[in-house]
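Trainee: have a look at this prediction, sequence included:
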Amino acid sequence: MTLKWAFLICNLLQFNLARSSAVDHSLQNRVDSFQNPVIYEDFADNDVSVSPDSLYYYSTSNMHYSPSAPILRSGDIVNWELIGHSVHGAFTMRFRKTTRLWYWIGCDVAGPWTKSAVLPGGTCYYDCGLLIDDDDAMYVVYGSTDVSVAQLSEDGLSQAQTYGFYYILDDHLGDITYIWKSDSPWGPYESKVLVDNVKSPLANGGAPHQGGLIQASSGDWYYMPFTWAYPNGCIPVLAPIKWEDDGFPSFYQIGNGSVTLSTATITNDFYAARNTLTHRVHDEFAAFRDRSAYIGIHRDGNKYTISVVHSPTQEELTWNMTSNGTIVTTQTKILPDKTIWLRASLDARASGTYAANFSYSTNGQNFTQLGKTYTMYIGWSYFMGYRFGIFNYATKSLGGSVRALSFTSA
């Protein structure tokens, strides 16, 4: 069976990733066994494809965070390494053999890419899928409740059959994944349910959905979606599939160094502070989201205070700040050299307590908890999971800095 498929996950950009880094020959090109989740990090809106170097590339959304959307690489679709970032937005990415370039289609343009075209019509191809057919024709599928297909021109830079089937994966938010099949990219399409509220491999996680199909070098096929596991985020999982006689697949269950942060913003808005560094959750560590909590140093003239703040809040849909949070407790015992260790300990498992606790130390060994427990928010409409954040901003005038000597996730 010859397969044509694209995923619903626009400007058009291109770059040469094949020459950006050498192939790691230690990567194994087979999948003997694996345990879900295959990546315990917040990587949403995934789009997985295989390149002529026989390695797998995983592009994922980073929403409004920098440094833009991550790109991961694997030799066996189980063990992944982060190799770079592309641009903001939920998008699709494919390698084109005839030009030896990677093509990206999405909604927001940023970063050191080559901007090749802006597709006409004002359509935002958000959560789209790109197919480069056997005859080098390029198609993009886009939309949600009203799914459409567009063909790009021969150069692939403007909107403009071989054999086998064409497939589109589409999701009903949170529970069902449909797969559509046709012998033409233009349809008509017939559909079946691929995933119907399947139990997540993570306790209290949502049904795996919004994924793609990928063929391993062994010839076996896999479905790679993510499971919503807030407050952690969208966690990638993997499941084998098999092809049935009707041409549809069926689903099987399944810190070193230092950083100096100078004030770059005069604001009373916690979320408007520039130079905020964030880090994805590794298993159970973070505290930065649309409803946050933190421990930090507040300075007023020559007065320094360790403060714990709960619930700086953004409105979920507009991301406007609705609250800068409440100081729940303070501590004024700070060493003369202003060196302090801060710790965030939290349970970000979907089946956990969602508890975030904050503590400090003046020697890096003995920590004292400060303030009561904060309960992390598990709403999904912000899409991103909790992160660790380091920030520094001014409320009156620019000046001053903090130096982050180390960061340890354990």
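Mentor: Received, thanks. Residues are numbered from 1 along each chain as shown.

Trainee: lowest-pLDDT helix or strand in the protein?
Mentor: Taking mean pLDDT, DSSP states H and E as the measure, the chain has strand 11-15 as its least confident helix or strand, at a mean of 38.

Trainee: could you chop this structure up by domain?
Mentor: Residue ranges for each domain of the chain read 3-251, 259-404, as given by automatic domain parsing.

Trainee: name the nearest residue to residue 42, sequence neighbours excluded.
Mentor: If you skip the residues right next to it in sequence, residue 42 has residue 233 as its closest partner in space, 2.9 Å away by CB to CB, 6 or more residues apart in numbering. Where you see a C-beta, it was placed from the backbone N, CA and C, and this is true even at glycine.

Trainee: before we move on, the earlier item: what's the first helix or strand after the least confident helix or strand of the chain?
Mentor: Next along the chain after strand 11-15, taking DSSP states H and E as the criterion, comes strand 44-50.

Trainee: so which elements touch that following strand?
Mentor: Identification of packing neighbours for strand 44-50 by 3 or more CB pairs under 8 Å, 6 or more residues apart in numbering; DSSP states H and E yields strand 56-61, strand 92-96, strand 209-215, strand 221-229, strand 233-236.

Trainee: who touches that strand?
Mentor: 7, 9, 56-61, 63, 77, 90-95, 127, 129, 210-212, 214-215, 224-226, 233-234, 236, 383-384 (CB atoms under 8 Å, 6 or more residues apart in numbering).

Trainee: 7 Å - rerun?
Mentor: Counting by CB atoms under 7 Å, 6 or more residues apart in numbering, strand 44-50 makes contact with 7, 9, 56-61, 90, 92-94, 127, 210-212, 214, 224, 226, 233-234, 236, 383, all of which sit outside it.

Trainee: show me how far that strand is from its chain's centre.
Mentor: Relative to the centre of its chain, strand 44-50 is centred 10 Å away, using CA atoms, centre = their mean, to the nearest Å.

Trainee: could you export it as PDB, CA atoms only?
Mentor: Extracted C-alpha coordinates of strand 44-50, given in PDB (Å, rounded to 0.1, in the frame of the first residue of the first chain):
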ATOM      1  CA  ALA A  44       2.200  20.000  21.800                       C
ATOM      2  CA  ASP A  45       0.900  20.000  18.200                       C
ATOM      3  CA  ASN A  46       3.500  17.500  17.100                       C
ATOM      4  CA  ASP A  47       4.200  16.800  13.400                       C
ATOM      5  CA  VAL A  48       6.500  13.800  12.800                       C
ATOM      6  CA  SER A  49       8.200  12.900   9.500                       C
ATOM      7  CA  VAL A  50      11.200  11.000   8.200                       C
END
